[in-house]
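Chemist: give me a model of this one.
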Amino acid sequence: MDEPFNGLDPITTYSIKAFLKEFAEKKGAVLISTHLLNDVERFCTHIAIINKGNLILFDSLKNIRQKYNNKDLESLFINQIQENERTVNNG
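Modeler: Down below sits the predicted model:
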C-alpha cells in the first residue's frame, strides 16, 4: 500500500490501522510505503529504507533500535539517506 493514511481523517486512519494490524497478526504481512515515520514506529515490526530505488537498510525495528542506540527513526532515516548519498557521490 502506498501512503495508505495520506489525506484521511483520524477516525478512518485509526480504523484502517487497527484492521491492518489485526490482518498482519492473523494472516500475514502487510507492505506499506510511507513517509510518516511515526506510523512506522507504532505500526511496523520491520522497516526498509529505500533511496532512489536502492535498498539501503532492512531489518526488524528491534534490531535497528539496538544497532543504532534507540535513535528515533526520523534521525536514522536522514542519516542513512545522507550516508548513502555520500557513498554514491564519492563512487
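Chemist: distance-wise, check the nearest residue to I32 once chain neighbours are set aside relative to S75.
Modeler: Counting by Cβ to Cβ, 6 or more residues apart in numbering, I32 lies nearest to M1, which is 5.1 Å off, once chain neighbours are set aside. Using the backbone N, CA and C atoms, a C-beta is placed for each residue, glycine as well. To S75, M1 is 25 Å away according to Cβ to Cβ, to the nearest Å.
Chemist: name the helices or strands packed onto the lowest-mean-pLDDT helix or strand in the chain?
Modeler: Among the helices and strands of the chain, helix 37-43 carries the lowest confidence by mean pLDDT, DSSP states H and E, at a mean of 77. Judged by 3 or more Cβ pairs under 8 Å, 6 or more residues apart in numbering; DSSP states H and E, helix 37-43 is in contact with helix 10-26, helix 73-89.
Chemist: all set, thanks.
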